[in-house]
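Asker: Here you go, sequence then predicted model.
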Amino acid sequence: MNKVNPLLRHAALLAGAAFMVLPFAVMLSTSLKSQADIFAGGFSFLPGEWAAASNYVTVFTKLPMLDFLINGVLVTTAIFCIQLIVAVPCAYALAKFRFAGRKALFNAVLWCLLIPPQAVAIPVFMELYSIGQLNSYTALILPWTISVLGIFLLRQFFMTIPDDIVDAARIDGMGELSILLRVVMPMAMPALTAFGILSFIAHWNDFFWPLICLQDVRYFTPPLGIFYFKTEDAGISYGPLMAAACVITVPLLAVFWAARNKFIQGVSMQAGIK
């Protein structure tokens, strides 16, 4: 019985992994096919008519895909850096300071996690319109500078750091900012990495907000850019569209692969923290 249970668990994990990978396999397969092959009867992962070269060349010639990728890197990097500036001291205060209203503030953070971005999209849009910042990098970055998810994740991790370490640093004469930068943050690299990957994925893939606040192609992010493979006269060019989807997926895979160990460590260390 003990030997059967691991086999069942691994079989379930393999089935789940295959289910998750299947859409990406279909996406890659479609990016290699011609339009006629895509609409032919039946489905095969291997193309009947290879059109990989033309599809991937179209990605970088029909639209300024390289500019979209650069915009995506700039926007996601700026958002994450500002989120860290805000979230790290907030999380440190909630984890290591004792003050009146501490629990109420943390409960407010938890409640804010329940608010979907779409619920406040119109007020944020009107505010950006009133200050003349629509259709700009500011419109893409400013609404996401405060991350309640980041505050929550980092607070949970900071709670795992023994208070004795922080108290010893205070006895040695270190100020709170110095303790945060030189003691706490180096220990919190797994949590920072996990939060960074979650932030990067969320804002790299964001389609809803850029669609609302942007009109100028110069500021388009990758998901919004590939949307314009759809034309009124030709419909949707599925081969180039899937090729573009593959292109913008590569940075996500690269970032996750490079930081996968610390990401898993950071996520797993959140369990059991109250």
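Answerer: Okay, I see it.
Asker: what helices or strands is the helix or strand harbouring Thr249 leaning on?
Answerer: Per DSSP states H and E, Thr249 falls inside helix 238-258. When contacts are defined as 3 or more CB pairs under 8 Å, 6 or more residues apart in numbering; DSSP states H and E, helix 238-258 packs onto helix 4-31, helix 35-38, helix 52-61, helix 65-96, helix 189-204, helix 222-226. Bear in mind the C-beta positions are built from the backbone N, C-alpha and C, glycine included.
Asker: Can you pull the domain assignment for the protein?
Answerer: The record's domain split for the chain, according to automatic domain parsing, is 1-59, 62-268.
Asker: ranking those by burial, who's on top?
Answerer: Mean neighbour count (mean count of other CB atoms under 10 Å) peaks for domain 62-268 among these, with a mean of 16.
Asker: centre of the chain versus that one, how much separation?
Answerer: Centre-to-centre, domain 62-268 and its host chain are 7 Å apart (CA atoms, centre = their mean, to the nearest Å).
Asker: Report the mean per-residue pLDDT for that domain.
Answerer: Confidence for domain 62-268, expressed as mean pLDDT, is 89.
Asker: What of stretch 38-57?
Answerer: 85.
Asker: Quick check, Val148 in contact with Leu105.
Answerer: No: counting by CB atoms under 8 Å, Val148 stays clear of Leu105, with 11.1 Å between them.
Asker: Ile264: which of the helices and strands packed on helix 238-258 is closest?
Answerer: Comparing the helices and strands packed on helix 238-258 against Ile264 with CB to CB, the closest turns out to be helix 189-204 (8.2 Å).
Asker: and the following helix or strand past the closest one, what does it pack onto?
Answerer: Counting by DSSP H and E, the next helix or strand C-terminal to helix 189-204 is helix 208-213. Secondary-structure packing of helix 208-213 (3+ CB pairs under 8 Å, 6+ apart): helix 121-130, helix 137-141, helix 222-226.
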